[in-house]
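Enquirer: Provided below for reference: sequence and predicted model.
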Amino acid sequence: MPVESRHGRGATRNPTPTRFNLKERATDGDWLDQVQALDGVPKRRTTVTIEHPRSILTRNSSPDIGFDRSINAFRGCEHGCIYCFARPTHAYHDLSPGVDFESRLFVKPQAAQLLHAALSRPGYECRPIAMGTNTDPYQPIEERWRITRSLVELLVETRHPFTITTKSDRVLRDLDLLRQAADLRIASVAISVTSLDPKVARTLEPRAPQPHKRLAAVKALNDAGVPCYVAIAPVVPQITDHELEHIVETAVEAGAPGGFYLPVRLPHEVAPLFRAWLDEHYPDRAAKVMATIRSLRGGRDNDPNFFSRMRGSGPWAELLRTRFEIAAKRYGLKQAKFPLRTDLFRPPEGDQMRLL
């Protein structure tokens with residue numbers, strides 16, 4: 001059925017994934033025309049499917065990523081960020097990286113039990129686990145499922161180091177656990193702030209909390225002793241890049257011990273979705289935005305190469321780096337490091353998790 005995706009959704013399209021040789025879905029155009037004439041274009045409702053994976057830890061050996069293992073409690077993300085580089089993962093399920101990614105979600109209720117088993121294996125080597133690397137661990141459905149909290153409970157119990165990346169102030173609901181972890185020096189948080197303009201944020205990240213709520217969470221976490229950094233990620237040229245200095249300033253005011261930025265990335269199906277989004281929301285500058293992105297990415301929509309994919313290349317990339325460094329120096333954004341301890345780790349006891 002046609003999908004009304006302009007209200008509360010990031011993607012303006014829901015294209016069939018074809019990258020894995022999947023056939024384009026056939027639809028009965030006459031039937032759809034009749035449904036639309038009678039009922040109008042239906043709004044897409046969010047659905048949740050329970051997933052039963054065999055393992056929960058994802059390993060990587062990328063030389064430009066500061067962790068070698070991660071956990072994603074969810075597939076898909078309700079926040080609907082149009083730039084999300086995780087969108088293409090929905091194509092593995094024969095679902096669209098467009099509106100499907102935002103509305104057809106998967107949850108892993110057994111995540112904590114799977115992690116318990118992984119940490120219990122003989123010879124397990126403790127290193128920080130990253131959460132929020134693919135989809136947000138504090139997206140709206142976490143309020144009901146509480147999967148992220150169950151993971152944090154286990155990590156605190158076993159004194160296992162971890163990091164959290166989110167763009168939601170829902171992280172404060174686990175402040176009691178995060179404070180315990182911070183006291184042990186086994187946890188840190190990064191909150192993403194892409195724009196301080198509510199109107200821009202509503203189109204870029206339609207279902208994510210507003211920027212002022214995220215900055216309030218940064219302050220609350222740091223005031224509680226939990227190191228919380230600000231991630232200006234991504235920077236979208238010609239749309240949000242002019243806010244770079246102001247975001248650095250507000251990050252310092254919120255007590256952030258450090259921060260970083262990342263230029264926008266448009267892998268695989270994200271690029272055409274982003275172009276359609278530009279045509280919808282910024283038709284006056286769509287061509288200029290894409291031209292600047294290509295100048296950052298070696299003449300392409302996306303550069304997948306290690307290291308350059310994180311910082312870009314060319315004059316625009318150098319300009320962003322210089323501006324960020326000057327702003328950090330001007331406003332006193334310290335690039336404070338918070339090394340996480342691994343020597344406190346104690347494997348779970350028995351076949352079941354401890355009762356607290």
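Expert: Arrived safely, thanks for sending. Given the structure is predicted, the values throughout are model-derived calculations rather than measurements. Numbering: from 1, shown residues only.
Enquirer: which residues touch residue 166?
Expert: Shown in contact with residue 166 (C-beta atoms under 8 Å, 6 or more residues apart in numbering): 132, 136-138, 189-192. The way it works is simple: take the backbone N, C-alpha and C, and place the C-beta from them, glycine included.
Enquirer: which of those has the most neighbours?
Expert: residue 136 (30 neighbours; other C-beta atoms under 10 Å).
Enquirer: Quick check: that one touching residue 79?
Expert: Yes. Contact status for residue 136 versus residue 79: in contact at 5.7 Å, counting by C-beta atoms under 8 Å.
Enquirer: Which neighbours do these two have in common?
Expert: In contact with both residue 136 and residue 79: 167-168, 208, using C-beta under 8 Å, 6+ apart.
Enquirer: could you redo these as JSON lines and give each row neighbour count, secondary structure and pLDDT?
Expert: Formatted as JSON lines, the shared contacts of residue 136 and residue 79 follow (neighbours: other C-beta atoms under 10 Å; DSSP: H, G, I helix; E, B strand; the rest coil; pLDDT from 0 to 100):
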{"residue": "167", "neighbour count": "28", "secondary structure": "coil", "pLDDT": "96"}
{"residue": "168", "neighbour count": "24", "secondary structure": "coil", "pLDDT": "97"}
{"residue": "208", "neighbour count": "27", "secondary structure": "coil", "pLDDT": "96"}
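Enquirer: in the stretch 1-150 of the chain, which spans are strands?
Expert: With strands called from DSSP state E, counting those that start in this stretch, the stretch 1-150 of the chain shows them at 47-50, 58-59, 69-71, 74-75, 104-107, 129-131.
Enquirer: could the ones you listed go into a markdown table alongside mean pLDDT?
Expert: Output for these, formatted as a markdown table (pLDDT from 0 to 100):
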| stretch | mean pLDDT |
| --- | --- |
| strand 47-50 | 94 |
| strand 58-59 | 94 |
| strand 69-71 | 97 |
| strand 74-75 | 96 |
| strand 104-107 | 96 |
| strand 129-131 | 97 |
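Enquirer: Just send those back as CSV, with mean neighbour count too.
Expert: Formatted as CSV, those follow (neighbours: other C-beta atoms under 10 Å):
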stretch, mean neighbour count
strand 47-50, 12
strand 58-59, 12
strand 69-71, 21
strand 74-75, 22
strand 104-107, 20
strand 129-131, 24
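Enquirer: would you turn those strands into JSON lines with distance to residue 234?
Expert: Formatted as JSON lines, these follow (distance: least, C-beta to C-beta, whole Å):
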{"stretch": "strand 47-50", "distance to residue 234": "27"}
{"stretch": "strand 58-59", "distance to residue 234": "21"}
{"stretch": "strand 69-71", "distance to residue 234": "19"}
{"stretch": "strand 74-75", "distance to residue 234": "20"}
{"stretch": "strand 104-107", "distance to residue 234": "22"}
{"stretch": "strand 129-131", "distance to residue 234": "18"}
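Enquirer: Between these, which one is closest to residue 266.
Expert: Taking C-beta to C-beta, strand 74-75 is the member of the strands of the stretch 1-150 of the chain nearest to residue 266, at 20.3 Å.
Enquirer: Just give me the neighbour total for residue 196.
Expert: If we define neighbours as other C-beta under 10 Å, then residue 196 has 18 of them.
Enquirer: contacting residues around the residue nearest to it when sequence neighbours are not counted?
Expert: Nearest residue to residue 196 in three dimensions, chain neighbours excluded: residue 211, at 5.1 Å (C-beta to C-beta, 6 or more residues apart in numbering). Going by C-beta under 8 Å, 6+ apart, residue 211 touches 193-198, 201.
Enquirer: same thing with residue 172?
Expert: 217, 220-221.
Enquirer: And the buried ones among these, selectable in PyMOL?
Expert: One line in PyMOL is enough to select the buried members of these, burial here meaning 16 or more other C-beta atoms under 10 Å:
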select buried, resi 217+220+221
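Enquirer: Make JSON lines from the contacts of residue 172 and add pLDDT and distance to residue 85 to it.
Expert: Shown next, in JSON lines, are the contacts of residue 172 (pLDDT from 0 to 100; distance: C-beta to C-beta, whole Å):
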{"residue": "217", "pLDDT": "98", "distance to residue 85": "23"}
{"residue": "220", "pLDDT": "98", "distance to residue 85": "28"}
{"residue": "221", "pLDDT": "98", "distance to residue 85": "25"}
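Enquirer: will you turn the contacts of residue 172 into CSV that also has distance to residue 316 and secondary structure?
Expert: Putting the contacts of residue 172 into CSV (distance: C-beta to C-beta, whole Å; DSSP: H, G, I helix; E, B strand; the rest coil) gives the following:
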residue, distance to residue 316, secondary structure
217, 31, helix
220, 35, helix
221, 32, helix
